[in-house]
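Asker: one predicted model, sequence on top.
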Amino acid sequence: MRRTAENKLKVVAVRVDPAIEQRLRVLAEATGRKQSFFLQRMIEGGLDAIEEVWLSPDTLAKVRSGALPDRLDEHRTTPDLFDHGVSDSAT
């Protein structure tokens, strides 16, 4: 699939334990794939299970139907890595 502005992949930053990073690096080097390939597979494979544990049934149903906006700012309890107290509407 050719990437367009509508389906462009987003970058997410995450901190991991050095031992996990080393395992991921070895896996990537041994297979000739990029670390991001394996991270994408892990996220895709585990996101459904995590959503079922952490989201309310109502929110989960909306997520699965695709009826949610990009962000749920009113439900956010902790700032993300790049949040500096500036609302999205002010940027």
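Answerer: In hand now; what should we look at? Numbering: from 1, shown residues only.

Asker: and the lowest-mean-pLDDT helix or strand in the chain, what does it pack against?
Answerer: Every helix and strand of the chain was ranked by mean pLDDT, DSSP states H and E. The lowest is helix 57-65, at a mean of 91. Applying 3 or more Cβ pairs under 8 Å, 6 or more residues apart in numbering; DSSP states H and E, one finds that helix 57-65 contacts helix 35-54. All C-beta atoms are positioned from the backbone trio N, CA, C, and that covers glycine.

Asker: pick out the residue closest to the middle of this structure.
Answerer: When Cα atoms, centre = their mean is applied to the chain, the residue found nearest the centroid is Val12 (6.2 Å).

Asker: that one and Ile43, how far apart?
Answerer: Computed as Cβ to Cβ, to the nearest Å, the Val12 to Ile43 distance reads 9 Å.

Asker: just give the nearest non-adjacent residue to Glu51, would you?
Answerer: Leu60 (5.8 Å; Cβ to Cβ, 6 or more residues apart in numbering).

Asker: distance of the one you found from Thr31?
Answerer: In terms of Cβ to Cβ, Leu60 sits 34 Å off from Thr31.

Asker: could you do Gly45 as well?
Answerer: For Gly45, the distance to Thr31 - Cβ to Cβ - is 17 Å.

Asker: around Glu21, count how many other residues there are.
Answerer: 12 (other Cβ atoms under 10 Å).

Asker: which element is it on?
Answerer: Element membership for Glu21 (DSSP states H and E) is helix 18-31.

Asker: now that helix: mean pLDDT?
Answerer: Mean pLDDT, helix 18-31: 97.

Asker: all set, thanks.
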